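Undergrad: return a 3D structure for these sequence lines:
(2 chains)
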Protein chains: 2
Amino acid sequence: MNDTPVNELPVWHRLTAHAEEMNLPENHLLHLTTSPLRLKKSLKLGAGVLLDFSRQRVTDITVDLLLELAEHRRVQERFRSMMAGEKINVTEKRAALHTAARCFQEEPVTVDGVNVVPELQAVREGIRAFAAKVHDGELRGSTGKAFRHVVVVGIGGSYLGTEFVSCALRAYADRGIALHYLANVDIHNFGRVVSEIDPESTLWVIISKSYTTAETLANARLAYDFMERHGLNPTDHVVTVTAKGSPGDNADNPVLGTFHMFDFIGGRYSVTSAVGGVPLSLYLGYDRFEAMLRGAEAMDRHAAEAPAADNLPLIAALLSVWNNNFLGYPAAGIIPYAAPLARLAPHVQQLNMESNGKSVTASGRPLQIPAGTILFGEPGTNAQHSFFQLAHQGRPFPIEFIGVLQPQYTEYHTLSRGVTNHQELWANLLAQADALAHGREAEDPARSFSGNRPSSTIVLKDLSPESVGRLLAFYEAKTVFEAFVWGINPFDQFGVELGKKTASGIREEMAEKNRNPAYGFDKTDDRTRHYLLALYDGDM
Amino acid sequence: MNDTPVNELPVWHRLTAHAEEMNLPENHLLHLTTSPLRLKKSLKLGAGVLLDFSRQRVTDITVDLLLELAEHRRVQERFRSMMAGEKINVTEKRAALHTAARCFQEEPVTVDGVNVVPELQAVREGIRAFAAKVHDGELRGSTGKAFRHVVVVGIGGSYLGTEFVSCALRAYADRGIALHYLANVDIHNFGRVVSEIDPESTLWVIISKSYTTAETLANARLAYDFMERHGLNPTDHVVTVTAKGSPGDNADNPVLGTFHMFDFIGGRYSVTSAVGGVPLSLYLGYDRFEAMLRGAEAMDRHAAEAPAADNLPLIAALLSVWNNNFLGYPAAGIIPYAAPLARLAPHVQQLNMESNGKSVTASGRPLQIPAGTILFGEPGTNAQHSFFQLAHQGRPFPIEFIGVLQPQYTEYHTLSRGVTNHQELWANLLAQADALAHGREAEDPARSFSGNRPSSTIVLKDLSPESVGRLLAFYEAKTVFEAFVWGINPFDQFGVELGKKTASGIREEMAEKNRNPAYGFDKTDDRTRHYLLALYDGDM
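TA: A predicted model of the protein is given here:
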């Protein structure tokens, strides 16, 4: 199915030819954006989110060709199969059911003949009850203090999504609980976290599906030592989020609670599962976590059901393919004009670059075109005072601007230059997109702007839990749609294995040296030995 | 001077031809890294920092050609002219003397016949005395409370560098002062900051050279309103860092102190001036700020004086040009294996992309080659669990790894898998660089790694103030050297002007609407009007 390399499809060739036309001066964005009906045709509203692609370097013809490409690749059909539990992660023979984690519908979603919805619901109910007991003070630390700090011990998919959401919804964190992240194996991460917590009122949430992740286990061990040094009983201070039957789900090693993860939800898609559910419910209250799920569910349904021409994540995915493969932009910016979305870009880096940074098709054939985009971003207006010089006058890269109509804080009305801060923010967002698209000729080349730099603008009504859930699911669906167009599997990540294996060899050298201080790192190459000697010496 | 376009130099053509050879299979990194003397030739130690470029896709021939290119462009000579006060920022007719801010030598540095060193020293002495008075409790808020919070109100160059350093040196912050950043005009930034401070014990440091920056003025106005609402006298709670005679340096508007900025230090190069000096001295103590300056000074001298073949920032700059223009990598990663360096990449994004994201030469001729690199990064090992899938199996991009031999926290010795966390971190750093370079063939294409992905490794002995100063100055010098090779002016930023101008027009529309609620945004185009109506409506 879909095993024809995408670049061998006739529509791909037509897109390639069309791209040449789009590079002609008459197709500069200055002309495109002012064509009649441009606005009407390129503003799409779905699941409460607005996508404006009027400043992308596309015409009606481009959009039609891209939709034809999507049709050929049956991307929405595959999306629906994914949601229905098909084992779409073919290399690992697993379903990819992050959408089931927020499915509040009646229909069953079956994997190997079992409806997984009740099981996911039971996990949520467990989280709800647990969070309530913590908030009510029914569950307390071993010295009787209520929990005031939660430390999330987890890395990658067990960290970045939750961090993005907790940062976005910080204004709602009214449960008297501070959230900390212990992701990096770097001892600085641990040192900083323990300098910020009160051990007796700290709950550690250890998240690892296999419970074998090197970083997470090393940090968990530090946490256990730390608790014991403070005379605390870890049994009263630890919960685990892990797969059934993993070493973290073991009656011999009792903890305050264990919440299950499932092999049909991959790490980078797991924010709406127990991975995000436990810390976010503790931080924000379970109801807000569920509200976020409902926002995500609305976007899932939009992605599955809205006609392709009106489908926000699908259009965004097609534009990404267009910019990537036809207009030749290798990188793209994600610039939220909303400080609470400061950690969106790192989350989407993982979600998208780990999913689609591939060089083989789902069936294992070498890809003949580049897939995946280098993504980066910081909030605006900060970014304007940083790397936007390059955006305007250096290497062009497409941008996704994100705007929010209603801020979380509404009590400040001070005017500066006649406008509020929120209005100033919007003036800048709108201005940047226009300036990048249109440019400006000037006699002095140093003050000339070539323009024709594409962007989309995504608008959220607010930064409520529902809206954040919509945005989260938008980027998930966009990522998956891109993969379906390219014909790759967005759910595996074999590319991380070689580094792990190599690290394991070096770790063994270190462990040997730790056991035997006279050991000279005999089994490694010159370069590694040079570094290891410097490391043990503490000097170069 | 140096007005020949760089790409018309014979050595450029030789590099272009050489790059074709370097793309041959026999020049895969797997072969290059194991050649005799590779390690010896590509480990360079200078100013207490180690640069290892053994995993860059270069041979002796490449390095020789690049050094010849540097020689042709007289880059070190120009660097020394810069340090001596020459008006090297030709478009703005200014000197570029960030190096003078950390010059503890006797020799004068003159601009327009005036030695600027005593003036810079006087500013530092003022900062030292001011910080001491705050720390001793001699200076207090208007209700008599000692200062416990410092809010830095500033954006871009008045923010990112200081944030990077304060984050890197957080473990040294022992003055009982919490540091907050109010950069973004987004009201969420203000709302969050005021939720974290105690108004009576808060000192606001307002930083703007011209004191006309829209964001900073809007935030300063909010801060003044906030203080007045809390019955505080702003005169007792505000210091300014600004140019002499700016609206922020005005006796009619008295403040607790004013520290001067000078037009010969640009924002993105200003961390070692009063811009970083005031907040960092308050946060860490003046002595640590000065120690950082001394580290930066050591690197400046290395950059100016070390032979080109042993000059760390110069080699790094030449490798950047090589990767950018000859091997065709448009983006590069900055991956510190050190959580405290989490904000290095955003700082270097501004420093480098704003300096070198240009399309004209210093003399205003259009560049015929791309300059500037898209930079991004997150700390490792976090990045391994995020976008490194793409680094290994997707689009290749060169990486600068950064390692630290001695961590700031030395009291944790817990072993996991036989190694400490700090050792585990190093095992991963070394493993990633090797895995990227060497790759691994496998029968299954999905588990194959093509390798040949270049990286450098930069090693610091520790994360002391001195070392952070060295790293800061390394990236400054690297940026300037790149610019000198390309023949561009790294000290102007005309590319930010069009957006500002466009925003000004939109702001005017909003201000008119605020004055006259019946106003229908008549003076703007359809798209902007559509957004403005939605914004005032709060809905789409």
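Undergrad: okay, CA-based contacts and neighbour counts for the rest of this
TA: Will do.
Undergrad: which residues does the residue of the stretch 101-250 of chain A found nearest chain B contact?
TA: At 4.5 Å from chain B, A:G156 is the closest residue in the stretch 101-250 of chain A, using CA to the nearest CA. The contact partners of A:G156, taken as CA atoms under 8 Å, 6 or more residues apart in numbering or on different chains, are A:183, A:267-268, A:350, B:382-386.
Undergrad: element containing A:G333?
TA: Counting by DSSP states H and E, the element that carries A:G333 is strand A:331-336.
Undergrad: tell me the mean pLDDT over the helix or strand that that strand is followed by?
TA: With elements assigned by DSSP H and E, the helix or strand that comes after strand A:331-336 is helix A:344-348. Helix A:344-348 comes out with an average pLDDT of 98.
Undergrad: show me the contacts for the spatially closest residue to A:L341 that is not a sequence neighbour.
TA: Spatially, and ignoring its direct neighbours in sequence, A:L341 is nearest to A:A168 (5.2 Å; CA to CA, 6 or more residues apart in numbering or on different chains). For A:A168, the contacting residues are A:340-343, A:463, A:468, by CA under 8 Å, 6+ apart.
Undergrad: ok, now with 10 Å
TA: Residues near A:A168 by CA atoms under 10 Å, 6 or more residues apart in numbering or on different chains: A:162, A:338-344, A:408, A:463-465, A:468.
Undergrad: confidence score at it?
TA: 98.
Undergrad: follow-up on the earlier one: show me the two of the contacts of A:A168 that sit farthest apart.
TA: Using CA to CA, these span at most 19.1 Å, a distance reached by A:T162 and A:Q408.
Undergrad: how much space separates A:Y337 from A:V404?
TA: 7 Å (CA to CA, to the nearest Å).
Undergrad: shared neighbours, those two?
TA: Counting by CA under 10 Å, 6+ apart, the shared contacts of A:Y337 and A:V404 are A:422, A:425-426, A:459.
Undergrad: among those residues, which are in reach of chain B?
TA: For chain B, the contacts drawn from those by CA under 10 Å from any CA of the partner chain are A:422, A:425-426, A:459.
Undergrad: let's see which of these end up in strands.
TA: Among those, the members found in strands (DSSP state E) are A:V459.
Undergrad: averaged pLDDT, stretch A:232-241. What do you get?
TA: Rounded mean pLDDT across stretch A:232-241 is 97.
Undergrad: got it, and stretch A:384-394?
TA: 97.
Undergrad: what are the ranges of the strands in the stretch 201-350 of chain A?
TA: A:202-207, A:238-243, A:257-261, A:331-336 (DSSP state E, counting those that start in this stretch).
Undergrad: same thing with the stretch 1-150 of chain A?
TA: Ranges of strands in the stretch 1-150 of chain A, per DSSP E, counting those that start in this stretch, are A:43-46, A:49-52, A:110-111, A:114-115, A:149-153.
Undergrad: now do the stretch 401-540 of chain A
TA: A:455-462.
Undergrad: where's A:P465 relative to A:Y337, distance?
TA: 17 Å.
Undergrad: repeat for A:D112
TA: Plainly put, A:D112 is 44 Å away from A:Y337 if you go by CA to CA.
Undergrad: more neighbours: the two, which one.
TA: More crowded of A:D112 and A:Y337, by other CA atoms under 10 Å in any protein chain shown: A:Y337, with 27 against 11.
Undergrad: ok, back up a step: next, the angle strand A:455-462 makes with the strand holding A:G333.
TA: 30 degrees (axes from the mean of the first three to the mean of the last three CA atoms, to 10 degrees).
Undergrad: pull out the buried positions in strand A:331-336.
TA: Using 16 or more other CA atoms under 10 Å in any protein chain shown as the test for burial, strand A:331-336 gives A:331-336.
Undergrad: ok, and of these, which contact chain B?
TA: Restricting the buried residues of strand A:331-336 to those adjacent to chain B (criterion: CA under 10 Å from any CA) gives A:331-333.
Undergrad: got these as a markdown table, with distance to B:T213 and pLDDT columns?
TA: Formatted as a markdown table, these follow (distance: CA to CA, whole Å; pLDDT from 0 to 100):
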| residue | distance to B:T213 | pLDDT |
| --- | --- | --- |
| A:A331 | 30 | 98 |
| A:A332 | 28 | 98 |
| A:G333 | 24 | 98 |
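Undergrad: select only the buried ones of the shared contacts of A:Y337 and A:V404 in ChimeraX?
TA: Those of the shared contacts of A:Y337 and A:V404 that count as buried under 16+ other CA under 10 Å are selected in ChimeraX with:
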select /A:422,425,426,459
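Undergrad: between the shared contacts of A:Y337 and A:V404, which is closest to A:E119?
TA: Out of the shared contacts of A:Y337 and A:V404, the member with the shortest distance to A:E119 (by CA to CA) is A:V459, at 34.5 Å.
Undergrad: what bridges to that closest one?
TA: A:V459 forms beta bridges with A:L50, A:G403, as assigned by DSSP bridges.
Undergrad: is it in contact with A:G48, as I believe?
TA: Yes. Between A:V459 and A:G48 there is a contact under CA atoms under 10 Å: 9.0 Å.
Undergrad: find residues that contact each of these two.
TA: Residues touching both A:V459 and A:G48 by CA under 10 Å, 6+ apart: A:471, B:539-540.
Undergrad: got the CA positions of the helix with the most length in chain A in PDB?
TA: Secondary structure of chain A per DSSP state H: the longest helix is helix A:465-486. What follows is helix A:465-486, C-alpha atoms only, in PDB (Å, rounded to 0.1, in the frame of the first residue of the first chain):
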ATOM      1  CA  PRO A 465      -6.500  24.100  28.400                       C
ATOM      2  CA  GLU A 466      -8.900  23.400  25.500                       C
ATOM      3  CA  SER A 467      -7.000  25.600  23.100                       C
ATOM      4  CA  VAL A 468      -3.600  24.200  24.100                       C
ATOM      5  CA  GLY A 469      -5.000  20.700  23.500                       C
ATOM      6  CA  ARG A 470      -6.100  21.800  20.100                       C
ATOM      7  CA  LEU A 471      -2.700  23.200  19.300                       C
ATOM      8  CA  LEU A 472      -1.000  20.000  20.600                       C
ATOM      9  CA  ALA A 473      -3.200  17.800  18.400                       C
ATOM     10  CA  PHE A 474      -2.700  20.100  15.400                       C
ATOM     11  CA  TYR A 475       1.000  19.600  15.500                       C
ATOM     12  CA  GLU A 476       0.600  15.800  16.100                       C
ATOM     13  CA  ALA A 477      -1.800  15.500  13.100                       C
ATOM     14  CA  LYS A 478       0.400  17.700  10.900                       C
ATOM     15  CA  THR A 479       3.400  15.500  11.700                       C
ATOM     16  CA  VAL A 480       1.600  12.300  10.900                       C
ATOM     17  CA  PHE A 481       0.100  13.700   7.600                       C
ATOM     18  CA  GLU A 482       3.600  14.800   6.500                       C
ATOM     19  CA  ALA A 483       4.800  11.300   7.100                       C
ATOM     20  CA  PHE A 484       1.900   9.700   5.200                       C
ATOM     21  CA  VAL A 485       2.700  11.900   2.200                       C
ATOM     22  CA  TRP A 486       6.400  11.000   2.300                       C
END
